[in-house]
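K.L.:
what shape does this take:
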Amino acid sequence: MTDIFCEKLKQQGTAMQYAPIPGELGQRIFKSISQEAWSKWLDHQTILINEYRLNLLEPEAKKFLMTEMEKFLFGEGSEKPDAFSTPE
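P.N.:
Take a look at the predicted model:
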């Protein structure tokens, strides 16, 4: 397996085997985000979908998730919903 420097985690990590989504953003993620950071995004995405009760058939929901994904992986981070509490 190939290692890359992960922009999200700021450390070396295992590269993904393929771009996780199509297009330019998918290639950017593939080249600069580790598998570990992508897994963290998938967990966070699940929280967002469940807490906000997103319908992924709606274009607005998809757009929201894409924006949050960029913020989570490359920006200041994506916040958890106000009502969310981590299970103990």
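
K.L.:
switch to C-alpha atoms for all contacts and neighbour counts from now on
P.N.:
Noted.

K.L.:
low pLDDT regions in this protein?
P.N.:
Within the chain, the ranges that satisfy pLDDT under 70 run 82-88.

K.L.:
for it, just list every one of the helices.
P.N.:
Assigned helices in the chain, in chain order: 23-32, 35-51, 59-74 (criterion: DSSP state H).

K.L.:
check which helices and strands the last one sits against.
P.N.:
Here helix 59-74 is seen to pack against helix 35-51 when contacts are counted using 3 or more CA pairs under 8 Å, 6 or more residues apart in numbering; DSSP states H and E.

K.L.:
try the shortest one
P.N.:
Packed against helix 23-32 by the contact rule (3+ CA pairs under 8 Å, 6+ apart) you find strand 3-6.

K.L.:
same deal with the longest one?
P.N.:
In terms of contacts (3+ CA pairs under 8 Å, 6+ apart), helix 35-51 is packed against strand 11-14, helix 59-74.

K.L.:
may I see the ones you listed arranged in a markdown table, with distance to Ile4 and mean neighbour count as well?
P.N.:
What follows is the helices and strands packed on helix 35-51, written out as a markdown table (distance: least, CA to CA, whole Å; neighbours: other CA atoms under 10 Å):
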| stretch | distance to Ile4 | mean neighbour count |
| --- | --- | --- |
| strand 11-14 | 5 | 15 |
| helix 59-74 | 15 | 15 |
